[in-house]
Structure formats: C-alpha cells, structure tokens
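**Q** Sequence and predicted model, in that order:
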Amino acid sequence: MKDRRSYLDDIDKEILKKLQINCRESFTKIAADIGISKSKLSYRIKRLEDTGIIEGYNAKINMSKLGYDLLVATNVRAKFAPNYHDKIGNKLKQISGVIAVYFIYGESDFIILIRGKNRKDLFERIQLLYKIEGIERVQTSVITEIYKEDPRFFFEH
C-alpha cells in the first residue's frame, strides 16, 4: 500500500501544509486552525504516515553555522551497464557529505549535491567519486549563492 498513490482532499492538503510549516505545532492548535476535531486530525496524520505520504519529521539545520559553508553540484556521467544507475546511485549516497543524489536523463547520469567545510574537504570527497567503478566523468560547479532551498511542497488551489 505504501507505493500506491493516494487521494488527498483539501483537509489532507491543509494538514500537510501546517505540518511542513511547523511539525512541532500541537495537534490541538492544528485541528482548531483547520476546523476539525483533534481525533480526526490524529487519524488523518496516521493515515498519511501509513500510506507513506509523510515519511518523517525533520529539523531544518543551517549547515553554514556548523562550518559546512561550501556546497557543490556535481554532474556524474557513468558507463552504461545493466542496473548501473542503482549500483552507482547506492554508492554515491554513501559518501559522507553527499546530501542529494538524483538519477537524470540527459548529458549526465546523476546530479549530486555535496557539502564540505573547505576546499580541501570538498576535494577529498570529490576524489571518492573517481574510485567508484563505472564513473566516467565528473563535472563540479561551486554554488556561490542560494536564492531558494526549500524541500517543502505546497499544493496550489
């Protein structure tokens, strides 16, 4: 049932919006804001979790304040082979500092985002890419300014 697409009504969408804005908000306040009972809210959140629509709850951390000031986007081209995307994708995601791995269609096979403390730290992380069997080429771009970085999704009405 987790892979099945689920129908969301306006109440579900409003619940998801509220949780994305502040998942630490009390059920009492969320239920009152939406205009449903606390028990109905609890039931709906449980259903959203059980169907895999809500995968978890996370704190948004300012990585720069922890010393990870550098962010790079790296395009990775790999050698085609059976299931190569799964094999390489699973290896890429294990590298420390890799915060996102996307398999894409186009000039490259993957785009990965890597965080590092400084140039030396990033260089060492990028060097690990060359050790993965099947990777043919790596092209890295340093991200100098972030204008939007928000994993939340809000439904349009």
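**A** Perfect, I can see it now. Numbering: from 1, shown residues only.
**Q** Please name the residues that touch the residue of the chain most remote from its centre.
**A** Distance from the C-alpha centroid of the chain peaks at Ser37, with 31.5 Å (C-alpha atoms, centre = their mean). By C-beta atoms under 8 Å, 6 or more residues apart in numbering, the contact set of Ser37 is Ala31. No exception for glycine: its C-beta is placed from N, CA and C like everyone else's.
**Q** Distance of it relative to Phe123?
**A** 56 Å (C-beta to C-beta, to the nearest Å).
**Q** and what of Phe80?
**A** In this view, Phe80 and Phe123 are 28 Å apart by C-beta to C-beta.
**Q** any idea how this protein splits into domains?
**A** Per automatic domain parsing, the structural domains of the chain span 1-59, 63-143.
**Q** Out of those, which is the most enclosed?
**A** Of the domains of the chain, the one with the most neighbours on average (mean count of other C-beta atoms under 10 Å) is domain 63-143, at a mean of 15.
**Q** Could you pull up the mean pLDDT of it?
**A** Regarding domain 63-143, the rounded mean pLDDT is 95.
**Q** Ser108 against Val76, yeah?
**A** Yes: the pair Ser108 / Val76 is scored as a contact, 6.0 Å apart, by C-beta atoms under 8 Å.
**Q** my read is Arg77 is in a strand, agree?
**A** Yes: using DSSP: H, G, I helix; E, B strand; the rest coil, the secondary structure at Arg77 is a strand.
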